[in-house]
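Participant: Turn this into a model:
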Amino acid sequence: MDILLVASAFNSLSQRVYAELSERGHRVEVVLASHGPDAVRAAVRETHPELIIAPMLKTALPEDVWQEHTCLIVHPGPPGDRGPSSLDWSIAEEAPRWGVTVLQAEAAMDAGDIWADGSFPVPPVGKSDLYRNEVSDAASAAVLLAVKRFADGSFKPKAQSDPAIAVVWRDFLRQERRRIDWENDSTATVLRKLRGADSQPGVLDELCGREVFLHGGHGEDRLRGRPGALLATRSGAVCRATRDGAVWIPELRPRKNSGDPAPFRRPAASVLAGFPAPPGTGQGTPRHDGGPHWLPEEAAPLELPPERTTWTDIRYRQHGDVGFLSFSFASGAMSTDQCRRLLAAYRRALTRPTSVLVLGGARDFFSNGIHLNVIEASADPAGESWANLNAMNDLVEAVLRTTDRLVVAAVGGNAAAGGVMLALAADQVWCRTGSVLNPHYRRMGLYGSEYWTYTLPRRAGAGTAARLTTEALPVSAAAAARIGLVDRLVPVPARDFTGEVEHLAAALAEAPDLTARIAAKAAARRADEARRPLGEYRRDELARMRAIFFDSRAPYHALRSAFVRKQPSGSANPLATGGAR
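Facilitator: Here you go, the predicted model:
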């Protein structure tokens, strides 16, 4: 079937729907509604779709389009739910279950006939994590069912006038409702407000006399202080006291009208470092990590005791002969500092007596490669790009050169660019079935690095590697397994991924042929090194990347800036192969 996706952004859900439909043989095109109604009309005229699907839409479809074509809208709420902040309200009101509805477009918002729906339990996670996992799983299943029903031609959609459907209109959830009362709100309330706005729009607040948006929230069990006071930093996050505890906030975003040259999300400590110090703190000595000098750095142990409730982005634990090095970085992006800290943790993990080391294993993002927001905020974006890429290469190389145990990359969520190559450096890649991979760099105007010219052809073959990096399309987990990028699909909900990985890793460690497999791996690495040393792959890739980074006219710089600042760039078709490789 010829299907046109209309989306305000080619985000995680739009990519998931695209990949799932393509995997099932449908011919799918995409147009960005952010380029205006005329772009949508032009795409309809050019593609002649049998069906139009809007997996993520912030503006209404043109009336002439939905009147002339069957248009299905994915709404992140249960049947009868209406309004623009559905998912936000589900967290704010502590709904135990929520849903997704696929309904037909009509004049009234979210009021069209229902083609399919699905429900899911709401775990205590951030809105963006919920959206990329439980919502994405339910939406994907509902879209596939709706497409099947449309193709059959015999299904009669359910009208929302059905008395069994309770219609509830929820207004836009404004900052007045999100605002935190640090003196009176409990830690649980603060966390709920932060999690309900972790990606967008954030929670508007004031720090050091400046308005900022707070993004993300995690509980802290030991640090305490005056409600609202800043207590410490850790790995780029800041800790802030509540009336009965404290919370960690990983990212801040200055207001666009604040005069800050980088009004976008980035590590909270780096934003605070640019603010004036509170009265009485003095000038102090600049910190090596770029954080505010007037706040202490409160480190957490790599092996965090199980009774602790605190935030850290890198953890190690061991069960018998299996080590688990988990990491979770906001938006999946990995800055120079994060790459270096993860490499240090990886090297420490290698000192432990294990035969299997699992890298990843948490729900949500695995990795999206270098941190474009940190790079864009840097005084020297080219230099920071270069430093970040080299740090990412160092990490990938360490995984590739590990020959005394099997390394498993447990991909619980989406991965892109260098993050995919980090996973491919492992001996086995285990991927949750709901994940989407983007094993390419082209849409950011980059050639790519992280040893992709070695790992991608090694797994998928030279022809497929060339196609993946040239076409630059999202790949479903099932498709990734079929072409050799994934060794094992893990068909579980996001909440069960970590436990299932532990079970599978324990079985791998007990396999009778494990010693032989480790020996074979070491022999293969020696043979590959004799044919062409890893250093040569790195040298050639970095030469291409350095030429791009330090060329002010290279498309990368404009594409990066537009991406970070959420500005439209390029074609209304996000699948157009612009940029450079």
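Participant: Buried ones in the helix or strand that contains Ser119, by neighbour count?
Facilitator: Ser119 belongs to strand 114-121 when assigned by DSSP states H and E. Buried residues in strand 114-121, defined by neighbour count with 16 or more other C-beta atoms under 10 Å: Ile114, Trp115, Ala116, Asp117, Gly118, Phe120. Backbone N, C-alpha and C define where each C-beta goes, glycine included.
Participant: Now tabulate those in CSV and tack on distance to Ala506 and pLDDT.
Facilitator: Shown next, in CSV, are the buried residues of strand 114-121 (distance: C-beta to C-beta, whole Å; pLDDT from 0 to 100):
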residue, distance to Ala506, pLDDT
Ile114, 43, 97
Trp115, 42, 98
Ala116, 38, 98
Asp117, 37, 97
Gly118, 32, 97
Phe120, 28, 97
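Participant: Check these and tell me the two furthest apart.
Facilitator: Trp115 and Phe120 (18.2 Å; C-beta to C-beta).
Participant: As a check, name the ranges of all strands in the stretch 451-581 of the chain.
Facilitator: Listed in chain order, the strands of the stretch 451-581 of the chain (DSSP state E, counting those that start in this stretch) span 475-476, 488-490.
Participant: what's next to the last one, contact-wise?
Facilitator: Spelled out, that is strand 488-490. Strand 488-490 has contacts (C-beta atoms under 8 Å, 6 or more residues apart in numbering) with 410, 428-433, 477-478, 481, 497, 500-501, 504.
Participant: Any chance of the residues you listed in CSV with distance to Glu46 as columns?
Facilitator: Shown next, in CSV, are the contacts of strand 488-490 (distance: C-beta to C-beta, whole Å):
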residue, distance to Glu46
Ala410, 41
Gln428, 43
Val429, 37
Trp430, 40
Cys431, 34
Arg432, 35
Thr433, 33
Ala477, 30
Ala478, 29
Ala481, 33
Phe497, 40
Glu500, 44
Val501, 44
Leu504, 46
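Participant: which of those count as buried?
Facilitator: 410, 428-433, 477-478, 481, 497, 500-501, 504.
Participant: In helices only, show me those residues.
Facilitator: Ala477, Ala478, Ala481, Phe497, Glu500, Val501, Leu504 (DSSP state H).
Participant: surely Phe365 meets Leu422?
Facilitator: No. At 11.8 Å, Phe365 does not count as touching Leu422 under the criterion of C-beta atoms under 8 Å.
Participant: can you point me to the longest helix in this structure?
Facilitator: helix 381-400.
Participant: what stretches of the stretch 251-400 of the chain score poorly on pLDDT?
Facilitator: Applying pLDDT under 70 to the stretch 251-400 of the chain flags residues 280-286, 288.
Participant: neighbours around the nearest residue to Gly83 once chain neighbours are set aside, how many?
Facilitator: Spatial nearest neighbour of Gly83, chain neighbours left out: Arg170 (3.8 Å); criterion: C-beta to C-beta, 6 or more residues apart in numbering. If you count neighbours by other C-beta atoms under 10 Å, Arg170 ends up with 18.
Participant: Report the contact partners of Arg170.
Facilitator: Contacts of Arg170 (C-beta under 8 Å, 6+ apart): Asp81, Arg82, Gly83, Ser85, Ser86, Trp89.
Participant: and with 7 Å instead?
Facilitator: Asp81, Gly83, Ser85, Ser86, Trp89 (C-beta atoms under 7 Å, 6 or more residues apart in numbering).
Participant: Which members of those residues occur in strands, if any?
Facilitator: The members of the contacts of Arg170 that map onto strands under DSSP state E are Asp81.
Participant: If we only consider the contacts of Arg170, which is nearest to Leu13?
Facilitator: Closest approach to Leu13 among the contacts of Arg170 (C-beta to C-beta): Ser86, at 13.4 Å.
Participant: what's the neighbour count on the residue nearest to that closest one when sequence neighbours are not counted?
Facilitator: Using C-beta to C-beta, 6+ apart and skipping the chain neighbours, the partner closest in space to Ser86 is Gly77 (3.5 Å). Using other C-beta under 10 Å, Gly77 is surrounded by 23 other residues.
Participant: Let me see the contact set for Gly77.
Facilitator: Shown in contact with Gly77 (C-beta under 7 Å, 6+ apart): Ser86, Trp98, Gly99, Thr101.
Participant: Check whether the second one sits in a helix, strand or coil.
Facilitator: The local conformation at Trp98, judged by DSSP: H, G, I helix; E, B strand; the rest coil, is strand.
Participant: Give me the local confidence score for the residue lying closest to it once chain neighbours are set aside.
Facilitator: Closest residue to Trp98 apart from its sequence neighbours, by C-beta to C-beta, 6+ apart: Ser90 at 4.4 Å. Ser90 carries a pLDDT value of 97.
Participant: Begin at 43, not 1, for the rest of this chat.
Facilitator: With 43 as the first residue, the last one maps to Ser132.
Participant: what about Ala547, distance to Gly541?
Facilitator: Computed with C-beta to C-beta, to the nearest Å, the distance linking Ala547 and Gly541 is 11 Å.
Participant: if you count what's nearby, which of those two comes out ahead?
Facilitator: Ala547 (26 against 11).
Participant: Excluding chain neighbours, what is closest to that one?
Facilitator: Nearest to Ala547 is Val364, by C-beta to C-beta, 6+ apart, at 4.6 Å.
Participant: burial count for the one you found?
Facilitator: Val364, neighbours per other C-beta under 10 Å, totals 24.
Participant: So it sits against Val398, correct?
Facilitator: Yes. With contacts counted by C-beta atoms under 7 Å, Val364 reaches Val398, the gap being 4.7 Å.
Participant: so what's in contact with these two at the same time?
Facilitator: Common neighbours of Val364 and Val398 (C-beta under 7 Å, 6+ apart) are Ala547, Ala551.
Participant: Just the CA trace of stretch 113-132, in PDB.
Facilitator: Coordinates of each C-alpha in stretch 113-132 appear next as PDB, following Å, rounded to 0.1, in the frame of the first residue of the first chain:
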ATOM      1  CA  CYS A 113      -6.300  10.400   7.300                       C
ATOM      2  CA  LEU A 114      -5.500   8.600  10.500                       C
ATOM      3  CA  ILE A 115      -4.300  10.600  13.500                       C
ATOM      4  CA  VAL A 116      -2.300   8.900  16.300                       C
ATOM      5  CA  HIS A 117      -3.400  10.500  19.600                       C
ATOM      6  CA  PRO A 118      -1.400   9.600  22.800                       C
ATOM      7  CA  GLY A 119      -4.500   9.100  24.900                       C
ATOM      8  CA  PRO A 120      -7.200   6.500  25.400                       C
ATOM      9  CA  PRO A 121     -10.500   6.600  23.500                       C
ATOM     10  CA  GLY A 122     -12.500   9.700  24.400                       C
ATOM     11  CA  ASP A 123      -9.400  11.700  25.600                       C
ATOM     12  CA  ARG A 124      -9.100  15.000  23.800                       C
ATOM     13  CA  GLY A 125      -6.600  17.900  24.100                       C
ATOM     14  CA  PRO A 126      -3.000  18.800  23.300                       C
ATOM     15  CA  SER A 127      -1.300  17.700  26.500                       C
ATOM     16  CA  SER A 128      -2.700  14.200  26.900                       C
ATOM     17  CA  LEU A 129       0.500  12.400  28.100                       C
ATOM     18  CA  ASP A 130       1.400  15.300  30.400                       C
ATOM     19  CA  TRP A 131      -1.900  15.000  32.200                       C
ATOM     20  CA  SER A 132      -1.500  11.200  32.500                       C
END
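Participant: buried ones in that stretch?
Facilitator: Buried, per 16+ other C-beta under 10 Å, within stretch 113-132: 113-125, 127-132.
Participant: Also stretch 97-110?
Facilitator: Pro97, Met98, Leu99, Leu103, Pro104, Val107, Trp108.
Participant: Tell me the one of the residues you listed nearest Gly333?
Facilitator: Using C-beta to C-beta, these come closest to Gly333 at Met98, 35.0 Å.
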